[in-house]
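Chemist: pasting the sequence and the predicted coordinates here, then a few questions.
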Amino acid sequence: MPFMMLAQIKKDSIKVFYLGGQSNMEGFGYVKNLPDSLKKKNKDFFIYHGNSVVDNDVTGGLGKWDVLQPGHGTGFSSDGKTNQLSDRFGVELSLAKKLQELYPNQKLAFIKYARNGSSIDSTGTTSFGAWEPDFKGGKGMNQYDYFLKTVHNAMAVKDINGDGVEDILVPSGIIWMQGESDSDKTEAIANQYYFNLKRLMELMRATFRNNDLPIVIGKISDSGDIEGGKVWKFGELVQYNQEKFAATQPNVAIVRTTNSYKYSDRYHYDNNGFIDLGKQFATKIFLLNTKNTKNSKKASLN
């Protein structure tokens, strides 16, 4: 009888990381060009990928838990019952592989919602969508609403891998790659990026019920593949505000290796860029979590 009771109350603890932003988080790498080490299913890693749509589309954020594999880049879709993989990938594959190396005995998972071309600032939004929480254009649904829908639906599932054991999802970090669409409109929008990002990240942390949740952001870069040499007219202002956010906000790190990446087109990194960015994100988020664990142990000793 005691053994049966223990078996009934067994639960799995799973660290979950949120992946969000715009196209270089959505993922424009080509699956066909992946190295063999990343081309297969990662049977020990699960992902909930919210359906990515423009503002005011009721299907935004629909998804279902599934084994991580190539195809979670741009073109991926979900109706909440079936996931349709694409021929593209983002940072999730190399990010997962590196996290498994860093957390060898820990169950891990991703929640992903990213939207190609999306800005935070609603005054500069086009048909791609805005993350501004209070933006109520059209039917009143925006990218922040789809983030909430994705997270709430993902976190509500009690057994994400279907093994019959209840899963306790432990929010362990926000990984954010975005800013390009706030840097190509007006100087005022680019200057406002720090305040917009700070507010959005505070609300995202609150959604995960941890006001000190680690955050890693990727610094935007410019391919220079345009007449005049700057794709993002006010990119330096957004970069400055990203650095300011990382320097002034608690438990935040920034990835700067993006300035060395090559591009597959004017806007998006090539395969090697996405693969390296995933590794960089993994290392940074792991270091933040390790630092927090050490600080918690020191505090308990005192």
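Modeler: Perfect, thanks for sending it.
Chemist: helices and strands around the longest helix seen in the chain, which ones?
Modeler: In the chain, assigned by DSSP state H, the helix with the most residues is helix 271-301. If contacts are counted by 3 or more C-beta pairs under 8 Å, 6 or more residues apart in numbering; DSSP states H and E, helix 271-301 sits against strand 29-30, helix 92-102, strand 166-177, strand 215-218, strand 252-255. Any C-beta I mention is one placed from the backbone N, CA and C, and that applies to glycine too.
Chemist: point out the most buried one among the ones you listed.
Modeler: Counting by mean count of other C-beta atoms under 10 Å, strand 215-218 has the highest mean neighbour count of the helices and strands packed on helix 271-301, with a mean of 25.
Chemist: touching, Ile254 and Gln242? I think so.
Modeler: Yes - here Ile254 lies in contact with Gln242, judged by C-beta atoms under 8 Å, at a distance of 6.3 Å.
Chemist: can you pull the pLDDT of the closest residue to Tyr263 other than its chain neighbours?
Modeler: Among residues not flanking Tyr263 along the chain, Ser223 sits closest, at 4.3 Å (C-beta to C-beta, 6 or more residues apart in numbering). Looking at Ser223, its pLDDT stands at 97.
Chemist: still on that earlier bit, identify the contacts common to Ile254 and Gln242.
Modeler: Common neighbours of Ile254 and Gln242 are listed as 217, 219 (criterion: C-beta atoms under 8 Å, 6 or more residues apart in numbering).
Chemist: quick one: low-confidence parts of the protein?
Modeler: Applying pLDDT under 70 to the chain picks out residues 1-8, 124, 126, 138, 293-302.
Chemist: what about the strands in it?
Modeler: Counting by DSSP state E, one finds strands in the chain at the ranges 11-21, 29-30, 42-49, 65-68, 77-78, 83-84, 88-89, 107-114, 166-177, 215-218, 252-255.
Chemist: tabulate those strands (a markdown table), appending distance to Lys284.
Modeler: Formatted as a markdown table, the strands of the chain follow (distance: least, C-beta to C-beta, whole Å):
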| stretch | distance to Lys284 |
| --- | --- |
| strand 11-21 | 11 |
| strand 29-30 | 20 |
| strand 42-49 | 19 |
| strand 65-68 | 20 |
| strand 77-78 | 28 |
| strand 83-84 | 28 |
| strand 88-89 | 20 |
| strand 107-114 | 16 |
| strand 166-177 | 8 |
| strand 215-218 | 4 |
| strand 252-255 | 4 |
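Chemist: of all the ones you listed, which lies closest to Tyr146?
Modeler: strand 107-114 (5.9 Å; C-beta to C-beta).
Chemist: so what does that closest one touch, helix or strand wise?
Modeler: Applying 3+ C-beta pairs under 8 Å, 6+ apart, one finds that strand 107-114 contacts strand 11-21, helix 23-26, strand 42-49, helix 92-102, helix 143-155, strand 166-177.
Chemist: CSV for these, including distance to Asn116?
Modeler: CSV is the format used below for the helices and strands packed on strand 107-114 (distance: least, C-beta to C-beta, whole Å):
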stretch, distance to Asn116
strand 11-21, 10
helix 23-26, 4
strand 42-49, 14
helix 92-102, 15
helix 143-155, 11
strand 166-177, 12
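Chemist: and of those, who's closest to Val231?
Modeler: Among the helices and strands packed on strand 107-114, helix 23-26 comes nearest to Val231, with 12.4 Å by C-beta to C-beta.
Chemist: mind giving me the packing neighbours of that closest one?
Modeler: Partner elements for helix 23-26 (3+ C-beta pairs under 8 Å, 6+ apart): strand 107-114, strand 166-177.
Chemist: output these as JSON lines; include the columns distance to Ala246.
Modeler: Shown next, in JSON lines, are those (distance: least, C-beta to C-beta, whole Å):
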{"stretch": "strand 107-114", "distance to Ala246": "20"}
{"stretch": "strand 166-177", "distance to Ala246": "11"}
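Chemist: Gly75 is nearest to which of these?
Modeler: Gly75 lies closest to strand 107-114 among those, at 12.5 Å (C-beta to C-beta).
Chemist: partner strands of the closest one, with direction?
Modeler: strand 11-21 (parallel), strand 42-49 (parallel) (DSSP bridges).
Chemist: what angle do that strand and helix 92-102 make?
Modeler: Compare the direction of strand 107-114 with that of helix 92-102 by axes from the mean of the first three to the mean of the last three C-alpha atoms, to 10 degrees and you get 150 degrees.
Chemist: and strand 107-114, C-alpha only, in CSV?
Modeler: C-alpha atoms of strand 107-114 as CSV (Å, rounded to 0.1, in the frame of the first residue of the first chain):
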residue,chain,number,x,y,z
LYS,A,107,13.9,17.3,-18.0
LEU,A,108,13.6,20.4,-20.3
ALA,A,109,11.0,22.0,-22.5
PHE,A,110,10.2,25.1,-24.6
ILE,A,111,7.2,27.3,-25.0
LYS,A,112,7.6,29.3,-28.3
TYR,A,113,5.6,32.1,-29.8
ALA,A,114,7.3,34.5,-32.2
